[in-house]
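**Student:** Need coordinates for the following:
(one chain, ligands or ions: 1)
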Amino acid sequence: MDRAIQAVLDEGLRMRGTQRDLFGVQGLAKHRRTVFGRAGAPCPRCTTPVSHQRIGARNTYWCASCQPLTSAPEVPAQSTLL
Ligand SMILES: [Zn+2]
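**Tutor:** Below you'll find the predicted structure:
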């Protein structure tokens, strides 16, 4: 999980985000935002309507089917070596 988050963040940084930088250069990641700004529109993957919620000052969009709320992964039971 940590590795996956790291990979996504790295990719976002490589594409220089989704918005213009200080020099007005458009980030290259915009085309990857498949659900952002599409509240109520069908998810491109499973056609479930995209959910939207304003969290603090940020608009958050997600597919409740592809991106379900989950709790922290369970720690596997420790096996005994004896
Ligand atoms: Zn979906």
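**Student:** how about the residues of the protein near the ion?
**Tutor:** Neighbours of the ion within the chain, by C-beta under 5 Å from the ion: 43, 45, 46, 48, 63, 65, 66. For glycine as for every other residue, the C-beta is placed from the backbone atoms N, C-alpha and C.
**Student:** per-residue pLDDT, the second one?
**Tutor:** Note on residue 45: pLDDT of 89.
**Student:** Give the closest residue to it in space, chain neighbours not counted.
**Tutor:** residue 66 (5.4 Å; C-beta to C-beta, 6 or more residues apart in numbering).
**Student:** how far away is the one you found from residue 34?
**Tutor:** Distance of residue 66 to residue 34, computed by C-beta to C-beta, to the nearest Å: 10 Å.
**Student:** domain parsing for this structure?
**Tutor:** 1-32, 34-68 (automatic domain parsing).
**Student:** just flag whichever of those has the lowest average confidence.
**Tutor:** domain 1-32 (a mean of 62).
**Student:** tell me which element residue 3 is part of?
**Tutor:** For residue 3, the host element (DSSP states H and E) is helix 2-14.
**Student:** need the next SSE after that helix, C-terminal direction.
**Tutor:** strand 51-55.
**Student:** Put the alpha carbons of that following strand into PDB.
**Tutor:** What follows is strand 51-55, C-alpha atoms only, in PDB (Å, rounded to 0.1, in the frame of the first residue of the first chain):
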ATOM      1  CA  SER A  51     -19.500  10.800  -5.900                       C
ATOM      2  CA  HIS A  52     -18.500  14.300  -4.900                       C
ATOM      3  CA  GLN A  53     -17.800  15.900  -1.500                       C
ATOM      4  CA  ARG A  54     -16.200  19.100  -0.500                       C
ATOM      5  CA  ILE A  55     -13.700  18.200   2.200                       C
END
